[in-house]
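Participant: can't give you the sequence, but here's the structure:
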Ligand SMILES: Nc1nc2c(ncn2[C@@H]2O[C@H](COP(=O)(O)OP(=O)(O)OP(=O)(O)O)[C@@H](O)[C@H]2O)c(=O)[nH]1
Ligand SMILES: [Mg+2]
């Protein structure tokens, strides 16, 4: 699936997913992971399909499914949108979260970026809380080798207690290990205990109350500890999805309601409100991810130079971030507008002189007036105008944009703008699209 209406249309993320098994014994495997780690590349290589891939995050916005065979069994792979956490911030992330938590896949294959394993593990740990069968696929191993990053996979496997496999998604051979690992996880799971994010003692104590009740209730395939944590957190969107999944409102259960209230009182007594709970959960996850990769990832070259740190401070600092960003933006506007005028004028001269000749030729062969009007004035004149106005700025702007992206400045812009954009229910990444639109508008207004 490419950038089709179904894939990116307004309601793409809301489209219900109906799993299309070929037989009852099919294994349904969700391909989850952070954005841009190679999920769709893995999916395409294994299923022979053509899901959209590219070198920027957020390409996959809805679930896609495809089949593959391994060891005499049919596997239904589901390529889901990239997400940084099971606490979604966008419609695509909600699609991903809902499929992992409520779509009942037999297993979740979490694709990770070998060059940023610690960050990727945050999601792995959250998915491990929510799903009983998880495999970790450390992809982009070729990139890690190139950057002299050594990843000791057996050590990570031992620490997490789930299968961990290194892959290079562009090489199909390495992906067969992925299916083998999933099969092993489903048929003969590891004897080693699964890792579990350790929360502060007071949270663990509070969780025990709702967990005790949930273990006596029918909660489908859901994990009682994970569910207790979510109910305590009162994540409204998740609770709505949960209601649809279970077909009933868990808050209507009097025993559970009392258990949750007791847990909340315990937290309040310890001075932990909802935001505090969020922070403690996030901190525990990040710290546990950090601990899990200690000794697993070894940088043979210094990963982050002093220069990078200084640039970070300059580009994202409270005092300097916005002025530097405005200067950059103004410079790019100026460069695009100033340097595109000459090629725009040249292109316009060429196209309009060709148009005049075409018009003369149509007159010479006695083409009816109305047809010339429609063709020359109605269609081609507008087309020539649009091409001559838009092409030169785009030819200047996009390479500049690519340079900024490769230099790592665009993610810093997205970071700077995330907070103000969040106030309008958007996210920092959307600023980049606005840049493109602004440049186009500026050019049109100037013309
Ligand atoms: N060098 C290298 N490149 C890879 C590998 N796997 C994927 N890529 C490239 O990484 C980029 C992102 O791949 P995608 O498959 O689109 O990533 P994704 O996780 O589906 O991204 P989203 O759908 O946006 O979340 C593409 O340019 C791929 O060609 C790999 O193992 N090695
Ligand atoms: Mg994708």
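Facilitator: Great, that's in hand. Since we're looking at a predicted model, the values are computed, not measured. Ligands and ions are numbered 1, 2, ... in the order given.
Participant: so where is this protein shaky, pLDDT-wise?
Facilitator: Within the chain, the ranges that satisfy pLDDT under 70 run 1-17, 52-61, 303-305, 432, 435-447.
Participant: And the strands in it?
Facilitator: Secondary structure of the chain by DSSP state E: the strands cover 27-33, 64-70, 73-79, 107-113, 134-139, 149-151, 164-166, 297-299.
Participant: any idea how far residue 81 is from the residue of the stretch 151-300 of the chain at minimum distance from ligand 1?
Facilitator: Of all residues in the stretch 151-300 of the chain, residue 169 sits closest to ligand 1, at 3.4 Å by CB to the nearest ligand atom. Placement of C-beta: from N, CA and C, glycine included. Distance, residue 169 to residue 81, by CB to CB, to the nearest Å: 17 Å.
Participant: out of these two, which sits in the more crowded spot?
Facilitator: A side-by-side neighbour count of residue 169 and residue 81, using other CB atoms under 10 Å, places residue 81 first with 29 against 25.
Participant: Now the strands of the chain in CSV, please, with extra columns for mean neighbour count and distance to residue 391.
Facilitator: Below are the strands of the chain laid out as CSV (neighbours: other CB atoms under 10 Å; distance: least, CB to CB, whole Å):
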stretch, mean neighbour count, distance to residue 391
strand 27-33, 25, 37
strand 64-70, 18, 33
strand 73-79, 21, 34
strand 107-113, 26, 36
strand 134-139, 27, 37
strand 149-151, 17, 41
strand 164-166, 22, 44
strand 297-299, 15, 44
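Participant: which stretch among those comes nearest residue 332?
Facilitator: strand 107-113 (28.8 Å; CB to CB).
Participant: what helices or strands is the closest one leaning on?
Facilitator: strand 27-33, helix 39-47, helix 117-130, strand 134-139, helix 172-187 (3 or more CB pairs under 8 Å, 6 or more residues apart in numbering; DSSP states H and E).
Participant: can you do 6 Å?
Facilitator: strand 27-33, helix 117-130, strand 134-139 (3 or more CB pairs under 6 Å, 6 or more residues apart in numbering; DSSP states H and E).
Participant: Run the contact check for stretch 409-422 versus ligand 1.
Facilitator: No: judged by CB under 6 Å from any ligand atom, stretch 409-422 makes no contact with ligand 1; its nearest approach is 13.9 Å.
Participant: Check the offset of that stretch from the chain's centre.
Facilitator: Remark: stretch 409-422 is offset 16 Å from the chain centroid, using CA atoms, centre = their mean, to the nearest Å.
Participant: Tell me how this protein divides into domains.
Facilitator: Residue ranges for the domains of the chain, per automatic domain parsing: 5-187, 201-272, 315-446.
Participant: so which of these is the most packed in?
Facilitator: domain 5-187 (a mean of 19; mean count of other CB atoms under 10 Å).
Participant: Residue 40 and ligand 1: what is the separation?
Facilitator: Distance from residue 40 to ligand 1, counting by CB to the nearest ligand atom, to the nearest Å: 3 Å.
Participant: so how far is residue 165 from the closest residue in space to that residue that isn't next to it in sequence?
Facilitator: Once flanking residues are discounted, residue 40 sits nearest to residue 51: 4.1 Å by CB to CB, 6 or more residues apart in numbering. According to CB to CB, residue 51 and residue 165 sit 21 Å apart.
Participant: hey, which helix is longest across the protein?
Facilitator: helix 321-364 (DSSP state H).
Participant: Check which helices and strands that helix sits against.
Facilitator: Checked by 3+ CB pairs under 6 Å, 6+ apart, helix 321-364 has helix 381-406, helix 409-422 packed alongside it.
Participant: you'd agree residue 26 is up against residue 76?
Facilitator: Yes: Residue 26 is within contact range of residue 76, at 5.2 Å (criterion: CB atoms under 6 Å).
Participant: how about the nearest residue to residue 321 once chain neighbours are set aside, what does it touch?
Facilitator: Of all residues not flanking residue 321 in the chain, residue 416 sits nearest, at 4.8 Å (CB to CB, 6+ apart). By CB atoms under 6 Å, 6 or more residues apart in numbering, the contact set of residue 416 is 316, 321, 325.
Participant: picking up where we left off before, just put the helices and strands packed on strand 107-113 in JSON lines and tack on distance to ligand 1.
Facilitator: Formatted as JSON lines, the helices and strands packed on strand 107-113 follow (distance: least, CB to the nearest ligand atom, whole Å):
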{"stretch": "strand 27-33", "distance to ligand 1": "6"}
{"stretch": "helix 117-130", "distance to ligand 1": "11"}
{"stretch": "strand 134-139", "distance to ligand 1": "5"}
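Participant: export those to TSV and tack on distance to ligand 2?
Facilitator: Shown next, in TSV, are the helices and strands packed on strand 107-113 (distance: least, CB to the ion, whole Å):
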stretch	distance to ligand 2
strand 27-33	9
helix 117-130	15
strand 134-139	12
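Participant: how about those, which one is nearest residue 424?
Facilitator: helix 117-130 (26.2 Å).
Participant: residues in contact with the closest one?
Facilitator: With CB under 6 Å, 6+ apart, helix 117-130 has contacts from 34, 86, 101, 108, 110, 112-113, 134, 136, 197, 226, 285, 289, 292-293, 297.
Participant: Widest-spaced pair of those residues?
Facilitator: 101 and 297 (28.3 Å).
Participant: how about TSV for the helices and strands packed on helix 321-364, with distance to residue 256 added?
Facilitator: Output for those, formatted as TSV (distance: least, CB to CB, whole Å):
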stretch	distance to residue 256
helix 381-406	48
helix 409-422	32
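Participant: who's in contact with the residue nearest to residue 40?
Facilitator: By CB under 6 Å, 6+ apart, the neighbours of residue 51 are 1, 40, 43, 44, 64, 79.
Participant: ok, for whatever residue of the stretch 201-350 of the chain ends up closest to ligand 2, nearest residue in space, not its chain neighbours?
Facilitator: Here the stretch 201-350 of the chain gets closest to ligand 2 at one residue, residue 241, 21.9 Å apart by CB to the ion. Excluding its sequence neighbours, the residue lying closest to residue 241 (CB to CB, 6+ apart) is residue 98, at 5.1 Å.
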